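>>> Need a 3D model of the sequence below.
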Amino acid sequence: MFIATLIAPGTLAGSDISTAGDVLRDAGCEPGATGWIDEGFAADIGFTGDPAAAREALESNVPAVDIVVQPAKGRAKALLVADMDSTMITVECIDELADYAGIKPQIAEITERAMRGELDFEAALDARVALLKGLDEAVIEQCLAERVVIMPGAAPLIRTMRERGALTILVSGGFTRFAEPVAKIIGFDRAIANVLEVADGALTGTVTKPIVGSDTKLQTLLNAVAEIGLNPNQTLAVGDGANDLAMIKRAGLGVAYRAKPIVAAAAAARVSHNDLTALLYAQGIAKADWVTA
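Okay, the predicted model is just below:
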């Protein structure tokens, strides 16, 4: 038995659920019980049949709604591994640092290409950080205060999962000087990121090796599964860039959040219309049970 969860930002209607049932039948699936998680926001439709065919049909025929298709059993997750830049926060920190150095367009172009999978992530990070050589270390705190904005829904997602006993890990190809305070604000258990090297109060243009990239993200997921003795199906990974793909593909539920095309195409679920609380709805958790403080 599978569940298709339909999620929309306060606009989900009964007609959408009815349409989804018809779409499932046309895709060769047999709809079962339906029910609201939160009326107007999220609803579940149980079904039997081919989940890949169901997802494709629903995404193609139910517009402006995020669709998560997964087995009914085990939808509540015990581990979340999340990317930071453009996932848990609204910006790419290295691009914002570059703005203080007056070279944002140059660095942002490299960032975009790396996140699309067009460049090797580690080489691209080295190249971008090298361009920041000599930037005053104090700019890091200024950037954190002035530019870093927590993504809507991030705090309820993490705090609710932790309250329910899940382990939450922020793992970023960005920098510890951002990831550690961001993780604390949102409520993550752990944060892993790259270390910007500093000497005499200025960036040296280098990061400590090895670089936290795709392999580290995947290994973080696998190590946590082993550490707490989970079935891999009990895991959730979310990110937006090419360096998130490996962990997204290995998680029980891998989610592309407002992601680059290469990630969106490969992920088991896409969230394009809603904020991060969509990942609570995907686990069947209603708003009344969210932890917001």
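>>> quick one: G173 is in a strand?
Yes. The assignment for G173 (DSSP: H, G, I helix; E, B strand; the rest coil) places it in a strand.
>>> Surely it and A179 touch.
No. The criterion here is C-beta atoms under 8 Å, and G173 misses it with A179 at 9.7 Å. Any C-beta I mention is one placed from the backbone N, CA and C, and that applies to glycine too.
>>> between the two, which one's more packed in?
Neighbour totals were compared for G173 and A179, and G173 leads with 30 against 26 (other C-beta atoms under 10 Å).
>>> Residues in contact with stretch 148-161: which ones?
For stretch 148-161, contacts defined as C-beta atoms under 8 Å, 6 or more residues apart in numbering pick out 77, 80, 82, 87-91, 93, 96, 168, 178, 182, 185-188, 274-280, 285, 289-293.
>>> OK, contacts around the residue lying closest to G74 once chain neighbours are set aside?
In space, G74 comes closest to N233 once its chain neighbours are excluded; the distance is 4.9 Å by C-beta to C-beta, 6 or more residues apart in numbering. Residues in contact with N233 (C-beta under 8 Å, 6+ apart) are P71, G74, G252.
>>> So N233, which state does it fall into?
N233 ends up helix, using three-state DSSP.
>>> let's have the chain start at 46 instead
Got it, the first residue is 46 from now on, which makes the last one we talked about N278.
>>> can you pull the pLDDT of it?
Looking at N278, its pLDDT is 94.
>>> now it: how far from R209?
Distance, N278 to R209, by C-beta to C-beta, to the nearest Å: 16 Å.
>>> what about the helices in this protein?
Assigned by DSSP state H, the helices in the chain fall at 59-71, 96-106, 138-145, 149-160, 166-175, 183-192, 199-208, 221-231, 259-273, 290-295, 306-311, 323-326.
>>> wait, what's in contact with the residue of the chain most remote from its centre?
Most distant residue from the mean C-alpha position of the chain: D245, 35.8 Å away (C-alpha atoms, centre = their mean). Counting by C-beta under 8 Å, 6+ apart, D245 makes contact with nothing.
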